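>>> Predicted model and sequence below, questions to follow.
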Amino acid sequence: MTRINSTVSLAAATALLVAMAPTLASAVDPFAASPNGEPKLKLPGINSFSPAGELPQQSKDARTVRCDAKLTSDGPAMQSGISWHVFSAIPGQDGKLQLIAASEGGSHTFRLAPGDYFLNAAFGRATATKRVTVPSSGDVPNQELVLDAGGIVLHAVSGSDTKIPDKDLKFSIYTNDVQDDGERGLVMQDVNPNSIVRLNSGTYHVVSTYGSLNAVIRADIQVAAGKLTQATIQHRAARITFKLVSSVGGEAIADTAWSILTASGDIIAENVGAFATMVLSEGNYTAVARNKDKIYQRDFEVKAGRNSDVELLLGRDEANQNQIPQGASNAAGDLTSPD
């Protein structure tokens, strides 16, 4: 197995790409188990079709058509994971194409009456469609669809190697091309980390969100046909817990209202409770705590991958808050005051 490291740099992102690309064996489908489930059918070049309902009965003169799907033109036929759909090539009275037959699995044979059809194979988000003519006599050619597809698994770390809990991560996948309206086409959103996403080969724009505030990273990632790409996005952020205490390292005081401000003075988050925990992008901030009509404030710095506590002390004014002795709390090694 070949392990290749490369770095993708954008204006606001750094992504480490690790391509793990063994040749696919005919008896093994590395994309077979995906927790995301199968997507809705997309038919390139086919505008619309009628809902399945009851499929038409087979004609007496139906002929057998064998269909194979491959990830690459020189690869083996897929033995599982394919969604097959056959549509009439002639629109109905409603202008939509009628679904003639459907199947799930690998290679499949359909019994089709002589005529023209659209044959579609879907493998996750990857699809291929071709027009098929079934002759009334003579040999019926086997049909082969090349999906030109691969898979991608997304991961993320904070800083150089701090693991991010899966529950705090979400990925969205977009087309790499920007549309006329300046937006990218959404391919899939709310993708869980460590899940396999099946896609046509090409470059995709991935947005990784850590937490719910400003820890967002973007990266362009290449998906290669017939290969499984593992991509690790590197966030510049950390998880910070805020506490108002009567003494360094003491119990957090309840009924505290929190406001977190950016270096420019904009409020980025608000919370109420003894503890306020949130993920923040690397940079300088100010924590403001309100308790019993009194306000406490402290400046702090977030460093990538260094999860920490920020403590504010009762009875200290703003100047003294920023001079809490280093080494006095959990914030000492991970957070510094910009005084």
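Great, that's in hand.

>>> Report the buried residues of stretch 63-82.
By 16 or more other Cβ atoms under 10 Å, the buried positions in stretch 63-82 come out as 63, 65, 67-72, 75-78, 81-82. Backbone N, C-alpha and C define where each C-beta goes, glycine included.

>>> start to end distance for it?
End-to-end distance for stretch 63-82, by Cα to Cα, to the nearest Å: 22 Å.

>>> Which members of the buried residues of stretch 63-82 are the farthest-apart pair?
For these, the maximum inter-member distance is 28.8 Å, found between 63 and 72 (Cβ to Cβ).

>>> quick revisit: mind checking which of the buried residues of stretch 63-82 are in strands?
63, 65, 67-70, 82 (DSSP state E).

>>> Which member of the residues you listed is positioned nearest residue 271?
residue 82 (47.9 Å).

>>> so the closest one makes contact with residue 121?
Yes: using Cβ atoms under 8 Å, residue 82 makes contact with residue 121 at a distance of 5.4 Å.

>>> So for those two, which residues contact both of them?
Applying Cβ atoms under 8 Å, 6 or more residues apart in numbering, one finds that residue 82 and residue 121 are jointly contacted by residue 69.

>>> contacting residues for residue 242?
Applying Cβ under 8 Å, 6+ apart to residue 242 gives the contacts 258, 260, 271, 275-277, 287, 289, 309-312.

>>> how would you label it: helix, strand or coil?
Of the three states, residue 242 takes strand according to DSSP: H, G, I helix; E, B strand; the rest coil.

>>> tell me the pLDDT at the closest residue to residue 321 other than its chain neighbours?
Leaving aside its sequence neighbours, residue 321 sits nearest to residue 298 (Cβ to Cβ, 6 or more residues apart in numbering; 3.9 Å). pLDDT, residue 298: 95.

>>> Can you show me the CA trace of stretch 171-186 as PDB?
The C-alpha trace of stretch 171-186 is given here as PDB (Å, rounded to 0.1, in the frame of the first residue of the first chain):
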ATOM      1  CA  PHE A 171     -18.200  18.400   6.400                       C
ATOM      2  CA  SER A 172     -19.900  19.800   3.300                       C
ATOM      3  CA  ILE A 173     -18.800  18.800  -0.200                       C
ATOM      4  CA  TYR A 174     -19.200  21.200  -3.100                       C
ATOM      5  CA  THR A 175     -18.300  21.200  -6.800                       C
ATOM      6  CA  ASN A 176     -15.000  22.900  -7.500                       C
ATOM      7  CA  ASP A 177     -16.400  25.100 -10.200                       C
ATOM      8  CA  VAL A 178     -18.000  28.400  -9.200                       C
ATOM      9  CA  GLN A 179     -21.400  29.000 -10.800                       C
ATOM     10  CA  ASP A 180     -22.700  32.200 -12.500                       C
ATOM     11  CA  ASP A 181     -24.200  33.400  -9.200                       C
ATOM     12  CA  GLY A 182     -20.800  33.100  -7.600                       C
ATOM     13  CA  GLU A 183     -21.700  30.100  -5.500                       C
ATOM     14  CA  ARG A 184     -20.500  26.500  -5.700                       C
ATOM     15  CA  GLY A 185     -22.900  23.600  -6.300                       C
ATOM     16  CA  LEU A 186     -23.700  21.600  -3.100                       C
END
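
>>> If you count neighbours, what's buried in that stretch?
So, applying 16+ other Cβ under 10 Å, buried residues of stretch 171-186: 171-174, 184.

>>> Turn those residues into TSV, including secondary structure, pLDDT and distance to residue 243.
Formatted as TSV, the buried residues of stretch 171-186 follow (DSSP: H, G, I helix; E, B strand; the rest coil; pLDDT from 0 to 100; distance: Cβ to Cβ, whole Å):
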residue	secondary structure	pLDDT	distance to residue 243
171	strand	98	31
172	strand	97	33
173	strand	97	38
174	strand	96	39
184	strand	92	40
